[in-house]
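Asks: Just a sequence and a predicted model for now, questions to come.
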Amino acid sequence: MPESLHRYVDAHEITDWVYRRALVYQRHLRRPVAVSHVYMPPKYEDIALKIEGNRGVLFNEFEVYSGHPIEQVEQEIRAIILDDEACLDLSCSKGEAGLRATRAYFDTEGPAMISISFHPGDRYAYHMRFDRKS
């Protein structure tokens, strides 16, 4: 697990976490919109195997398979230059601009899943709506 995730997980636990990699697609696009690197505690290994490669929203699938609701999600999105591996996975040009989205998902017992997703800039859109109550 990358060092950047140590703020969510104690260093001694890291080696036990299950790792999965999945390409994420949208129906109308032939190329993947992201490559996700997903880490889960060993107690969720069976769930990690079920969600690998599926096209749904990760934490929704986690909730369905585990019966544990996700209580909190922490997210960080950064602009980056995609590395060679991500470019190969995403069918994009070397040195292309992209985004790295790091998300930590917490259930009532602590971190349940951490994902690092890489998105090419031309295949990422973020939409948010704020409603103000008077």
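Replies: Sure, I can see it. Numbering: from 1, shown residues only.
Asks: Figure out the helix or strand that the residue nearest to the spatial centre of the chain lives in.
Replies: With distances taken as C-alpha atoms, centre = their mean, the residue of the chain nearest its centroid is Ser115 (3.0 Å). Using DSSP states H and E, Ser115 maps to strand 110-120.
Asks: Over to Ile77?
Replies: Using DSSP H and E, Ile77 falls in strand 72-81.
Asks: between that strand and strand 110-120, how many degrees?
Replies: 30 degrees (axes from the mean of the first three to the mean of the last three C-alpha atoms, to 10 degrees).
Asks: pLDDT on stretch 73-84, on average?
Replies: Stretch 73-84 carries an average pLDDT of 93.
Asks: Buried residues, that stretch. List them.
Replies: Using 16 or more other C-beta atoms under 10 Å as the test for burial, stretch 73-84 gives Leu82. For every residue, glycine as well, the C-beta is placed using N, CA and C.
Asks: same thing with stretch 51-70?
Replies: Residues 51, 58-59, 61-63, 66, 70 are the ones in stretch 51-70 that count as buried (16+ other C-beta under 10 Å).
Asks: Contact partners for the closest residue to Tyr124 other than its chain neighbours?
Replies: In space, not counting the residues next to it along the chain, Tyr124 is nearest to Leu99; the distance is 5.3 Å by C-beta to C-beta, 6 or more residues apart in numbering. By C-beta atoms under 8 Å, 6 or more residues apart in numbering, the contact set of Leu99 is 77-80, 118-119, 121, 124.
Asks: Please, which helix or strand holds Leu99?
Replies: Assessed by DSSP H and E, Leu99 sits inside strand 97-107.
Asks: quick one: that strand to chain centroid distance?
Replies: 5 Å (C-alpha atoms, centre = their mean, to the nearest Å).
Asks: I'd like to know how far His28 sits from Cys87.
Replies: Between His28 and Cys87 the computed distance is 22 Å (C-beta to C-beta, to the nearest Å).
Asks: who has more neighbours, the two?
Replies: Regarding His28 and Cys87, a neighbour count based on other C-beta atoms under 10 Å identifies Cys87 as having more, with 19 against 5.
Asks: Are there helices or strands packed against the helix ranked longest in the chain, and which ones?
Replies: Selection of the longest helix in the chain by residue count, based on DSSP state H, yields helix 58-66. Packing partners of helix 58-66 (3 or more C-beta pairs under 8 Å, 6 or more residues apart in numbering; DSSP states H and E): helix 45-51, strand 97-107, strand 110-120.
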